[in-house]
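>>> Quick one, structure for this:
(4 chains)
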Number of protein chains: 4
Amino acid sequence: MQMPQALSDAALAAASKEARAIGVPMNVAIMDVGANLKAFLRMDGALLGSLDIALKKARTAALFAMNTEAIGEFCKPGGTSPGLDATNGGLVVFAGGIPLHDAGGIFLGAIGVSGGSVSQDFQVAAAAVEAARSAQTEGETEWQ
Amino acid sequence: MQMPQALSDAALAAASKEARAIGVPMNVAIMDVGANLKAFLRMDGALLGSLDIALKKARTAALFAMNTEAIGEFCKPGGTSPGLDATNGGLVVFAGGIPLHDAGGIFLGAIGVSGGSVSQDFQVAAAAVEAARSAQTEGETEWQ
Amino acid sequence: MQMPQALSDAALAAASKEARAIGVPMNVAIMDVGANLKAFLRMDGALLGSLDIALKKARTAALFAMNTEAIGEFCKPGGTSPGLDATNGGLVVFAGGIPLHDAGGIFLGAIGVSGGSVSQDFQVAAAAVEAARSAQTEGETEWQ
Amino acid sequence: MQMPQALSDAALAAASKEARAIGVPMNVAIMDVGANLKAFLRMDGALLGSLDIALKKARTAALFAMNTEAIGEFCKPGGTSPGLDATNGGLVVFAGGIPLHDAGGIFLGAIGVSGGSVSQDFQVAAAAVEAARSAQTEGETEWQ
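Numbering: from 1, shown residues only, chains lettered A, B, ... in the order given. Coordinates of the predicted model:
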């Protein structure tokens, strides 16, 4: 199922609002179930180097339908899958990437946030996830 | 000078509005003067293969501060610069990428639009450029 | 804000002078706020393998507006961001990359130095940063 | 034989002087016989997209010890080597890259210039080549 723009708009708006609330400009990336970019925003003053990290967090969480830090468990020292993070063109395996679901619990993709501390990134992504779940959406816009 | 989000927001909104007006879902990418991504949107139903084209159109126009189709003149058969389009990781040299300036005429980056016919892409990008020029912006948001 | 050549010239000259003073030939790279190359010099006898390191140090410090070794803290064992150094095409996270600011404290990019011991690289980069801060510059050269 | 900095300094200074004389800011790259970067300068206002072109012109001319436009003859329609320009990570095969020799005629690398029209790029590169040939250099600096 495709991610409707109504959902990515809601997630992006919620992430921006939370980032402003904590005073940390963020890079926010949203990818669909195909791990293809749906929406992106680099807020004024957000770290340039976090652009790639936000993209890779969204990609990582979308590819595995799992929080980025959960994937990190598999590839940490002693984990089951050493080098997992080097697959798929390079994953990012610390917090800030979270899967997105609609109100019905359908998996639609993921959001990745980067620009602050790891806990701040997670906080902003979580706010977006919550907003996406609450978004009333009728699915993708129909084009005649 | 950095591109303020107020300007990329205005450009993205204008592009979306024009795309809906003509009934063609578009990929819209906005890059700053360093050719780094500032904002992106893939509208519902927009062609997936046009995602990369929109990014490359924005990148091409930002790198050369010139419309993408103008750059195409240099590398067409008999042009002065054969193979120019293979530089910079691959340029896109047909219409749909246009530089963005603020109300004072300062070059701030570029927009790239892809998803319809080339003339539709250009039309949507041009609407965004016009909106950016009219946007009242005080520069980047200040963070305490 | 773009980095004026007057500033990169001053930084490069100071780095070369310090490198000669300690008798260690260096690779010196300077990037702007968009992490795009502004100036580069490989001094006679400088290690070839340090060319890429100097470029990546400058890129790393420009992308995060932070000293390279400070970024290393985030991705060392037990740090908050394992694998951070694999983002952005590969960062270099030991000393020798330092942000550059003008006399007014405006962030303009970064310098990366490589060719000697890490402490020598840092010493040469620091001398360049000091020179850049003292440089009297009226901004970029105007072209009619 | 390695390229002494005295020669790359002379070439870079002559290129800058010629670029200012014609009022066109240029990207100037100098590579040694190993096709490795020796020196680079992006003059204030020089097109960002020409950065990669200058690097590739210098690389192309250094790799083949030949002017870039001469290499273009081999891969133009009807030429002997179709696709030659796609080798070596992508060559640039229009004018602006020229081999560098010292006063004794020894091949030491190449210069690549980009930022203006192709004929302007060639003019600036040619001025640098002339300056390099006239430079009195005792070879690379000796380090004790």
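
>>> what about residue A:16, distance to residue B:109?
Using C-beta to C-beta, to the nearest Å, we find residue A:16 at a distance of 20 Å from residue B:109. The way it works is simple: take the backbone N, C-alpha and C, and place the C-beta from them, glycine included.

>>> scratch that, residue A:18
Distance of residue A:18 to residue B:109, given as C-beta to C-beta: 26 Å.

>>> Low-confidence bits of chain A, can you list those?
Applying pLDDT under 70 to chain A flags residues A:136-138, A:142-144.

>>> Mind naming the longest strand for it?
strand A:107-114 (DSSP state E).

>>> hmm, the helix or strand just after it in reach of chain B?
As assigned by DSSP states H and E, the chain's next helix or strand after strand A:107-114 is helix A:118-134. No - Helix A:118-134 stays clear of chain B (C-beta under 8 Å from any C-beta of the partner chain), getting no nearer than 13.1 Å.

>>> Show me which residues of chain A sit near chain B.
Residues of chain A lying near chain B by C-beta under 8 Å from any C-beta: A:2, A:4-5, A:23-25, A:34, A:36-45, A:48, A:51, A:140-141, A:143-144.

>>> ok, and which of these reach chain C?
Contacts with chain C are made by residue A:48 out of these, judged by C-beta under 8 Å from any C-beta.

>>> Of the residues of chain A next to chain B, which belong to strands?
Applying DSSP E to the residues of chain A next to chain B, the entries found in strands are A:37-42.

>>> top of these by neighbour count?
Neighbour counts for those peak at residue A:38, which has 34 neighbours (criterion: other C-beta atoms under 10 Å in any protein chain shown).

>>> thought that one was touching residue A:30?
Yes - using C-beta atoms under 8 Å, residue A:38 is in contact with residue A:30, at 4.8 Å.

>>> returning to what we had before: residue A:18 and residue B:109: who's more crowded?
residue B:109 (29 against 22).

>>> contacting residues for the more buried one?
For residue B:109, the contact set (C-beta atoms under 8 Å, 6 or more residues apart in numbering or on different chains) comprises B:3, B:30-33, B:35, B:38, B:58, B:62, B:99-100.

>>> go again using 10 Å as the cut-off
B:1-3, B:7-8, B:11, B:30-38, B:58-59, B:61-62, B:65, B:99-101, B:132, C:34 (C-beta atoms under 10 Å, 6 or more residues apart in numbering or on different chains).

>>> ok, now residue A:28?
Counted by C-beta under 10 Å, 6+ apart, residue A:28 has contacts A:8, A:11-16, A:18-19, A:39-43, A:46, A:50, A:54, A:57-58, A:96, A:111-115, A:121, A:124-125, A:128, B:39.

>>> In PyMOL, select just the buried ones from those residues.
Remark: buried members of the contacts of residue A:28, expressed as a PyMOL selection using 16 or more other C-beta atoms under 10 Å in any protein chain shown:
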select buried, (chain A and resi 8+11+12+14+15+16+18+19+39+40+41+42+43+46+50+54+57+58+96+111+112+113+114+115+121+124+125+128) or (chain B and resi 39)
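
>>> residues touching the closest residue to residue A:86 other than its chain neighbours, list them.
Spatial nearest neighbour of residue A:86, excluding adjacent residues (C-beta to C-beta, 6 or more residues apart in numbering or on different chains): residue C:86 at 7.3 Å. If you count contacts by C-beta under 10 Å, 6+ apart, residue C:86 has them with A:56, A:85-86, A:90-93, C:75.

>>> Ok, residue A:27 next?
For residue A:27, the contact set (C-beta under 10 Å, 6+ apart) comprises A:15, A:19, A:40-43, A:46-55, A:57-58, A:96, A:112-115, A:121, B:37.

>>> mind checking the backbone torsions on the residue lying closest to it once chain neighbours are set aside?
Using C-beta to C-beta, 6+ apart and skipping residues adjacent in sequence, the residue nearest residue A:27 is residue A:54, 3.8 Å away. Dihedral pair for residue A:54: phi -60, psi -40, per degrees, to the nearest 10.

>>> Enumerate every residue touching residue A:54.
By C-beta under 10 Å, 6+ apart, the residues touching residue A:54 are A:15, A:26-30, A:40-42, A:46-47, A:92, A:96-97, A:111-115, A:121, A:125, B:37, C:87.

>>> same check, this time on residue A:74
So residue A:74 contacts A:64, A:66, A:80-82, A:84-85, A:93 (C-beta under 10 Å, 6+ apart).

>>> taking those residues as a set, which two sit the farthest apart in space?
Within these, two members stand farthest from each other by C-beta to C-beta: A:66 and A:82, at 17.8 Å.
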